[in-house]
Structure formats: structure tokens, C-alpha cells
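*Asks:* predicted model, plus sequence, below.
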Amino acid sequence: MALLQPFLCDTSLSKTLHFSHPYSIPKRTTLTTPKTRTVASLQPPLKSYHYHRLRQLKKQWTKCYAIAETGGGVSVEGDDNHGVLVSQSSEEEMKGDRVVVDYDWTEEWYPLYLTRNIPDDAPLGLTVFDKQLVLYRDGNGDLRCYQDRCPHRLAKLSEGQLFGGRLECLYHGWQFDGDGKCIRIPQLPTNSKIPLSACVKTYEVRDSQGVVWVWMSHKTPSNPNKLPWFENFARPGFQDVSTTHEFHMITP
């Protein structure tokens, strides 16, 4: 069970509010008036009793967060040590050590593009969530992936060109090798040393079952065990009919 957002829970787990509609209260002098209707409504106007009752119940609500059970089952706990147990069937299962779930979205493989559709003579600009990437093949045909931003003037490298297997920025002609190292700055004098700050941020990519995958984390080495594997694609005689659809976003 994964809870990505905090939520409110009623610690009694059994309270239901029923309010009589203020406009349907029968008059004592009228015998033909229908009985009072009971409706579940929190909209005003509420009687003073209902208002104070609602405030009392709100005090018992607790803000909860997801907690993983290493001993089986899942539980949630709030700031006031009020706990609500979920999917526990016995007292023994409640004895597991609980740890707060910690998830880093960058430590995963994400599909970038179909391998067969990657151009051989031009860089390809792609996006993973809010990260802009550029994918291309170097002089040896190996896949390379950078942050789609030149360290000089932040121009898009995906709008550049391939020159001798190196990616060249279209803005001022800076060239980068497969490891993201800047190897040519036309504006520098001959034999000048290129600073390390001129390097571009790289991402590791893998070609698996006809799909290019990218590892987004720069803090943790890539985990090959997390690379998705589709059994159907590995079966003899399986025909792949995957296609790529490009959508052009229109911004106001």
C-alpha cells in the first residue's frame, strides 16, 4: 500500500453524521406534516448543537502518513500518536518494525524512445517529467544522453548537429564527446585549456528489447535489476508493433 498524499481519518472509524434539515421540521399543531427527513449534509445553516458536535469530531481527526511494515501488513500513523491499522489479521502481525517509506523517483529506469526510430545523423530532444534531455549516437554508434542545455549560454543541444560523432551546440559551436566533456571551444586561442565547468551533465542509457531506457539519478549508480523486462518480447516468433506518437504542446 502506498499513500503519496497525507489524508484525514476519523480515529473512531465508526462515526457518521446525520443532521435534520432545518426546513423540514414539522409543526406541532399540524398532524399532516410529514416526518422529519434525515439527511447527511454539512452545509449551513446548522443548529448550534450540530455546530458544536462537528467541532468536537474534528478534534479527533488525525493527519496520517503511510508507514511500511517490515513484519507484514501496513499501518498509518499521525502526529498525535493515533494509529490506524490496515490489513492486519492477528496480534503477531502487529509486532513488525515500522519504517517511514522513502522513495526517490530518480532511482528508476524510464523509457525514452524506440531504438529503431533514433536518427543516426541528428540529436533528439526528449523530456522525462521536468527534465530536458538530448539523445544521440556517437561516432561508434553508441547511445549517449545529456542534459539538453549547453553550459555556455544554456542553449538547447538538441537543436545542434553531429560533427564527427561529437555533439555541437548550434549557438557558439561548442563540441562535446560521448562522456559530456567539452573538447572544442572555437572562441578560445589554440592550445588553450578548456575548463571543467564547460562539461555537460550526462545520463546513463540502456538499450533493452528495442527500447532505450534512462537512469535519472546522479547520486546513486544505475541498478540493472530495476531495468524492466517483458517476457512476451523475448518469446520466439513475437512480433513487435510498437510505434511512437509525438504531441506538440501548445502554450498560451
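*Replies:* Cool, got the structure. Numbers count the residues shown, from 1 in each chain.
*Asks:* for the strand or helix carrying residue 127, packing partners?
*Replies:* Using DSSP states H and E, residue 127 sits within strand 124-128. Secondary-structure packing of strand 124-128 (3 or more Cβ pairs under 8 Å, 6 or more residues apart in numbering; DSSP states H and E): strand 109-114, strand 131-137. Any C-beta I mention is one placed from the backbone N, CA and C, and that applies to glycine too.
*Asks:* so in this protein, where's the weakest helix or strand by average pLDDT?
*Replies:* Counting by mean pLDDT, DSSP states H and E, the chain has its least confident helix or strand at strand 7-10, which shows a mean of 39.
*Asks:* hmm, back to that, quick one, the strand holding residue 127 and strand 131-137 angle?
*Replies:* 140 degrees (axes from the mean of the first three to the mean of the last three Cα atoms, to 10 degrees).
*Asks:* report the rounded mean pLDDT for strand 124-128.
*Replies:* Mean pLDDT, strand 124-128: 94.
*Asks:* winner for burial among the helices and strands packed on strand 124-128?
*Replies:* Neighbour counts (mean count of other Cβ atoms under 10 Å) averaged over each of the helices and strands packed on strand 124-128 peak at strand 131-137, with a mean of 21.
*Asks:* surely residue 213 forms part of a strand?
*Replies:* Yes - counting by DSSP: H, G, I helix; E, B strand; the rest coil, residue 213 is part of a strand.
*Asks:* and the gap between the closest residue to it other than its chain neighbours and residue 130?
*Replies:* Using Cβ to Cβ, 6 or more residues apart in numbering and skipping residues adjacent in sequence, the residue nearest residue 213 is residue 109, 4.2 Å away. Using Cβ to Cβ, to the nearest Å, residue 109 is found at 18 Å from residue 130.
*Asks:* again, but for residue 229
*Replies:* 27 Å.
*Asks:* would you mind giving the helices and strands packed on strand 124-128 as CSV with distance to residue 247 and mean pLDDT added?
*Replies:* Output for the helices and strands packed on strand 124-128, formatted as CSV (distance: least, Cβ to Cβ, whole Å; pLDDT from 0 to 100):
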stretch, distance to residue 247, mean pLDDT
strand 109-114, 14, 95
strand 131-137, 16, 96
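*Asks:* and the ones you listed: which comes nearest residue 151?
*Replies:* Closest approach to residue 151 among the helices and strands packed on strand 124-128 (Cβ to Cβ): strand 131-137, 13.1 Å.
*Asks:* need the residues that contact the helix or strand following the closest one.
*Replies:* Where DSSP H and E defines the elements, the next helix or strand beyond strand 131-137 is strand 143-147. Applying Cβ atoms under 8 Å, 6 or more residues apart in numbering, the external contacts of strand 143-147 come out as 112, 118, 131-138, 157, 167, 176, 178, 180, 200-205, 207, 212, 214.
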